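Peer 1: Okay, sequence plus prediction incoming.
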Amino acid sequence: MKKITAAITAVHGHVPEYILTNKELETLVDTTEEWIESRTGVKQRHILKGTDKGTSEMCVEAINGLLKKRGIGPEEIDMIIVGTVTPDYVFPSTSNVICDKIGAKNAWGYDLSAACSGFLFALTTGAQFIETGYHKKVIVVGADKMSSIINYEDRTTCVIFGDGAGAVLLEPNAEGLGIMDSIMRVDGAGRHSLHQKAGGSVRPASHATVDAKEHFVYQEGQTVFKSAVKGMADVSAEIMERNKMTSADVAWLVPHQANKRIIDATASRMGLGNEKVMLNIQKYGNTTAGTIPLCLWDYEKQIKKGDNIIISAFGGGFTWGSIYLKWAYNS
Ligand SMILES: CC(C)(COP(=O)(O)OP(=O)(O)OC[C@H]1O[C@@H](n2cnc3c(N)ncnc32)[C@H](O)[C@@H]1OP(=O)(O)O)[C@@H](O)C(=O)NCCC(=O)NCCS
């Protein structure tokens, strides 16, 4: 009997309407359009405006688009895993809220916290439920409303991040397509360089934590930058070696979109030219767990059945990893 693999059979994304340009950021903090674009690659990012709108709002749009594309109803979904660090609430999970909003009456699910590696960790987790035969249709979402935890007075972080959501459907495949291999890593010592200081059980919300602006992203940019370059490049090279692949075998690199310079360093280590690297940081900035499925969504029409794809991410925690998959359809 052929081994069952977990294949992505549809992808869809959503970014909110409002566009925050580098020009507008010049009016908020001491920065320039030129600095932001040359140091990060970001030209604009989308921001979810309006009261009472959380991450699930964007996930619902992405998932409804996904279901329509695949021609299936919400009641057919077995499970929804949401990679996010900006859940609607501490509890219940964003997955719970989404199941209710879209009418996925037969589904269960949960949120997975791995910062910028959230989609990668969720994808490898979702794949296990398919490979074991436990489920037939698993939706994996990467989504973050970063604007809810960004301090728009801090020029070192507010220029990078944006809001967005991307979703994929995982289904069983018997043709040898889908997820082939994955390498996942964490290093908790990295938590000091990139985290949100308050709002968890160590420092619950109080007047003092709000006054000290501890509910925003805290980042030591250069330390994260160096670790990201090494982490993403190492793991991408390792997954290629482990699967005996050369750069000629790789059709696409789907890198987490944190900084164009980190992406370039990873591609160069893998020996890949720009034409094989998915890039949308200029449009959306760093949407944390959203970047990778948003890339797949943007490039979907260019990907061919059988293409070898390497997905790589690095994020807060630290968390990082790489997935090797064979694309399963032509769109
Ligand atoms: C944050 C980041 C863009 C900063 O870029 P950098 O080239 O490392 O810049 P540095 O931190 O060395 O700062 C250089 C100077 O630019 C300044 N600067 C920082 N942000 C600025 C901005 N938006 N506009 C203008 N100047 C800025 C700094 O204050 C510093 O000035 P100084 O030399 O007078 O002290 C970069 O470090 C980065 O991308 N880090 C990783 C981010 C990341 O991947 N995060 C998500 C995890 S996956």
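Peer 2: Everything's here; your move.

Peer 1: pLDDT at residue 2, what is it?
Peer 2: pLDDT, residue 2: 71.

Peer 1: That one and residue 172 touch, don't they?
Peer 2: No - if you go by CB atoms under 8 Å, residue 2 and residue 172 don't touch, sitting 10.3 Å apart. (Each C-beta comes from the backbone N, C-alpha and C, glycine too.)

Peer 1: which one of those two has more residues nearby?
Peer 2: residue 172 (17 against 8; other CB atoms under 10 Å).

Peer 1: my read is the more buried one is in a strand, agree?
Peer 2: Yes - judged by DSSP: H, G, I helix; E, B strand; the rest coil, residue 172 forms part of a strand.

Peer 1: Show me which residues of the chain sit near the ligand.
Peer 2: Residues of the chain found near the ligand (CB under 6 Å from any ligand atom) are 31, 35-36, 39-40, 116, 155-156, 159, 194, 221-222, 224-225, 228, 258-259, 262, 286, 314-316.

Peer 1: Among those residues, which are located in helices?
Peer 2: Using DSSP state H, the members of the residues of the chain next to the ligand that fall in helices are 35, 36, 39, 40, 155, 156, 221, 222, 224, 225, 228, 262.

Peer 1: any chance of those in CSV, with pLDDT and neighbour count too?
Peer 2: Below are these laid out as CSV (pLDDT from 0 to 100; neighbours: other CB atoms under 10 Å):
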residue, pLDDT, neighbour count
35, 98, 15
36, 98, 23
39, 96, 15
40, 96, 21
155, 98, 16
156, 97, 14
221, 93, 14
222, 94, 10
224, 95, 22
225, 95, 18
228, 95, 25
262, 95, 26
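
Peer 1: ok, which stretches of the stretch 151-300 of the chain are strands?
Peer 2: All strands of the stretch 151-300 of the chain, identified by DSSP state E, counting those that start in this stretch, fall at 163-173, 178-186, 194-196, 217-219, 252-255.

Peer 1: So which residues make contact with the last one?
Peer 2: Surrounding strand 252-255, the residues in contact under the criterion CB atoms under 8 Å, 6 or more residues apart in numbering are 232, 236, 262-263, 266-267, 270, 272, 276-278, 292, 295-296, 299, 303, 307-313.

Peer 1: got the CA positions of it in CSV?
Peer 2: The C-alpha trace of strand 252-255 is given here as CSV (Å, rounded to 0.1, in the frame of the first residue of the first chain):
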residue,chain,number,x,y,z
TRP,A,252,10.9,27.6,-5.0
LEU,A,253,12.1,28.9,-1.6
VAL,A,254,9.3,30.3,0.5
PRO,A,255,11.1,32.3,3.2
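
Peer 1: in it, what's buried?
Peer 2: Neighbour-count burial for strand 252-255 flags 252, 253, 254, 255 (criterion: 16 or more other CB atoms under 10 Å).

Peer 1: Go through those and name the one nearest the ligand.
Peer 2: Proximity of those to the ligand, judged by CB to the nearest ligand atom, is greatest for residue 255, which lies at 10.5 Å.

Peer 1: Could you pull up the residues touching the residue most central in space within the chain?
Peer 2: Geometric centre of the chain, nearest residue: residue 289, 2.6 Å, by CA atoms, centre = their mean. Residues in contact with residue 289, defined by CB under 8 Å, 6+ apart, are 83-85, 114-119, 122, 141-144.

Peer 1: And for residue 107?
Peer 2: Contacts for residue 107 (CB under 8 Å, 6+ apart) come out as 74, 77, 78, 79, 80, 99, 139.

Peer 1: Residue 8 too?
Peer 2: By CB under 8 Å, 6+ apart, residue 8 lies in contact with 168, 169, 170, 178, 296, 325, 327, 328.
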